[in-house]
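# 3D model of this:
(chains A and B)
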Number of protein chains: 2
Amino acid sequence: MKVFMIGEAANHKDKLAAFLTAPCDIVPLPREAAHSSGFDSAITADDVVVSLRFSRRGGAMPDFRLLHVPGAGLDGIDMASLPSGVSVCNVFEHEIPIAEFVIAAMLNWEIRPDALRASFATDTWSDVYRARLPHGEIHGLTLGLVGFGRIGRTIARRAAAFGMRIIAVDQFATDADGLAEAILPPERLSDLLAQSDFLVIACPLTEETRGLIGAAELAAMKPTGVLVNVSRAPIVDEAALFDALRRRTIGGAVLDVWYGYPAGADDRVAPSRFRFEDLPNAICTPHSSAWTTRLPERRYAFIARNINRLTAGEPLLNLVRAPAVAPQPAIQNTSIP
Amino acid sequence: MKVFMIGEAANHKDKLAAFLTAPCDIVPLPREAAHSSGFDSAITADDVVVSLRFSRRGGAMPDFRLLHVPGAGLDGIDMASLPSGVSVCNVFEHEIPIAEFVIAAMLNWEIRPDALRASFATDTWSDVYRARLPHGEIHGLTLGLVGFGRIGRTIARRAAAFGMRIIAVDQFATDADGLAEAILPPERLSDLLAQSDFLVIACPLTEETRGLIGAAELAAMKPTGVLVNVSRAPIVDEAALFDALRRRTIGGAVLDVWYGYPAGADDRVAPSRFRFEDLPNAICTPHSSAWTTRLPERRYAFIARNINRLTAGEPLLNLVRAPAVAPQPAIQNTSIP
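Okay, here's the model as predicted:
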């Protein structure tokens, strides 16, 4: 069995190899192999492909055993053209760093460690100590989660340990997992907005969620409420958010996701029509929340263990498309002896 | 019944009043009332005193029912001179903000949100996004707690929710509370030092713990290990710590407690003989970890509820000194009829 690692995935060859138990050749392929048939002759029915993207732009696809996407999103995969015998799996693990980022954002909003650090100096210590200003706590505050899926629950598990009160809005989730005080349907979003000290966007961008938080929703937030977006920017109306922050009708925002992204290597776009980073009550970061060194370590360890399951004939984890069952050899229509 | 609130405690009169159920007069007294007998004539056997400090410098103490210290430390109370009928209670609640401060310190060490924020700008966005550097996670790292008491456990409960591995050294604690993988005796401190990604000092300063972390202990830490001190500075040797940070034999330190404090209103001292704040791998804050607006709210609510228990004849919470039992009236030595 060979494992073809295409494009960026090939950078993580050693991480994969460290966890593979069955002998197999790992073959790095260049980025073009995701869309070009030029490398297909090497791929056989026994093999595995690891790639974020896979299509043949209308041409014939090679046949193989497993396409393992090294991320959660399947938007780079031409699922319809993939031979029916190919299993497709994905991998998560980004909920851990995203949850750490969100909890850090809430703690830092209350504690303001930068200001504490800036106030410390040997020469002024005695006066600073005597005049220390108290800061805030997240204990007892209300966390409102828009979305109670994998990411929302991972945030909630940590927030609960801090003694935060947790409420969520989710269209599908019903099990509060012992974490949320209530999971409200989308039509009760206004209840969540009115109660949340921190409003965290943790739902996917869909046609239903695009622009979900507009001017009216921002106006329904507490005047001290802080919006944290680690999902997709267009869930929150760009102009309405800028206006609410500029006019200080909400407490602030922590924004890690943006309205414009560069498409190619030389593309230059603005993250937003507005300069959010000039607002003192906006904390802006460059889509960093999940971007950790450990994320690929965990992801490729997961993929290796899934390949081990494949070679051992065990069921695959995170199977997003099962292979079609191979047709049974036709039984000859003979009379039973 | 009257409740005398002395010095700083008097600032929190309204917080106390909000939770008292029995009618009683709250009487603010100036700071001098902690050590002067000039106000004692108003204090009767039925009353309560709330004060961080109480002594008569050798003179006679007034007799009353309950001295409630609005903090954990009893070093300001002349316990020996206090009439034997006075109950003494204290109050904690600072473990919550201290734990939040410690978790924030660890998250910020790994995520470096300041650097992420500083890298975000509309004009350079496209290049910054393409060249994003990955950061760290606390998930899976080892937290070594020196001290597994009230503060250590409050930190551990939060750290466990992040998937940190927790080990502790404690002289007395045996119950890991389902949080620590191991509680080691003090003679196994070196095991803790060698394994900890974050070494958090969470023990009291005693003759045993003064200088507990010296040059040899710092040398036994991981080269990437980060020391976090939210307890008392002299538990860590001042010169050895400065040297380890300067020579980068440890990863860094987050220091909220210091070697010198101003004693009076006009006193001027240095926090340390060394300028820790000039070291890039030292995060220095002015004894702020517990200093939140909510701390006195929780503390005075607790004190009010304890006073409610006193008036209702229920047992007091956080009783650090029970009153001596009043001598029974002597039974006359008469022959039994």
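# right, and chain B sits closest to which residue of the stretch 151-300 of chain A?
In the stretch 151-300 of chain A, the residue that lies nearest chain B is A:Ala161 (3.6 Å; Cβ to the nearest Cβ). (Each C-beta comes from the backbone N, C-alpha and C, glycine too.)
# what's the burial count for A:Ala45?
Applying the criterion other Cβ atoms under 10 Å in any protein chain shown, we find 11 residues in the vicinity of A:Ala45.
# now A:Gly264
Counted with other Cβ under 10 Å, the neighbours of A:Gly264 add up to 8.
# which pLDDT does the model give the residue of the stretch 151-300 of chain A closest to chain B?
The score at A:Ala161 is 98. That number is its pLDDT.
# please apply the same query to A:Pro327.
In this prediction A:Pro327 is given a pLDDT of 52.
# swap in A:Ile331?
Per-residue confidence at A:Ile331 stands at 49 (pLDDT).
# next, give phi and psi for A:Met5.
phi -110, psi 120 (degrees, to the nearest 10).
# any idea what it is bridged to?
Listed beta-bridge partners, A:Met5: A:Pro28, A:Val50 (assigned using DSSP bridges).
# how much space between it and A:Ile98?
When distance is defined by Cβ to Cβ, to the nearest Å, A:Met5 is 25 Å away from A:Ile98.
# quick check, A:Gly38 in a helix?
Yes - when the secondary structure is assigned by DSSP: H, G, I helix; E, B strand; the rest coil, A:Gly38 falls within a helix.
# shouldn't it be in contact with A:Arg56?
No - counting by Cβ atoms under 8 Å, no contact exists between A:Gly38 and A:Arg56, whose distance comes to 10.7 Å.
# the more surrounded of these two?
A:Arg56 (16 against 11).
# who's in contact with the more buried one?
Listed by Cβ atoms under 8 Å, 6 or more residues apart in numbering or on different chains, the contact set of A:Arg56 reads A:His35, A:Ser37, A:Asp78, A:Ser81.
# I'd say the second one and A:Arg57 touch.
No - A:Ser37 is not in contact with A:Arg57 according to Cβ under 8 Å; the separation is 9.2 Å.
# give me the more crowded residue out of the two.
When neighbours are counted by other Cβ under 10 Å, A:Ser37 and A:Arg57 differ, and A:Ser37 comes out ahead with 14 against 9.
# ok, the host helix or strand of A:Asp243 near chain B or not?
Here A:Asp243 sits within helix A:238-246, counting by DSSP states H and E. No - residues of helix A:238-246 are not located near chain B by Cβ under 8 Å from any Cβ of the partner chain, the shortest gap being 12.4 Å.
# can you name every helix or strand that the following helix or strand past that helix contacts?
With elements assigned by DSSP H and E, the helix or strand that comes after helix A:238-246 is strand A:252-255. With contacts defined as 3 or more Cβ pairs under 8 Å, 6 or more residues apart in numbering or on different chains; DSSP states H and E, the packing partners of strand A:252-255 are helix A:95-111, strand A:226-229, helix A:238-246, strand A:282-284.
# buried sites along strand A:252-255?
If you call a residue buried by 16 or more other Cβ atoms under 10 Å in any protein chain shown, then strand A:252-255 has these buried ones: A:Gly252, A:Ala253, A:Val254, A:Leu255.
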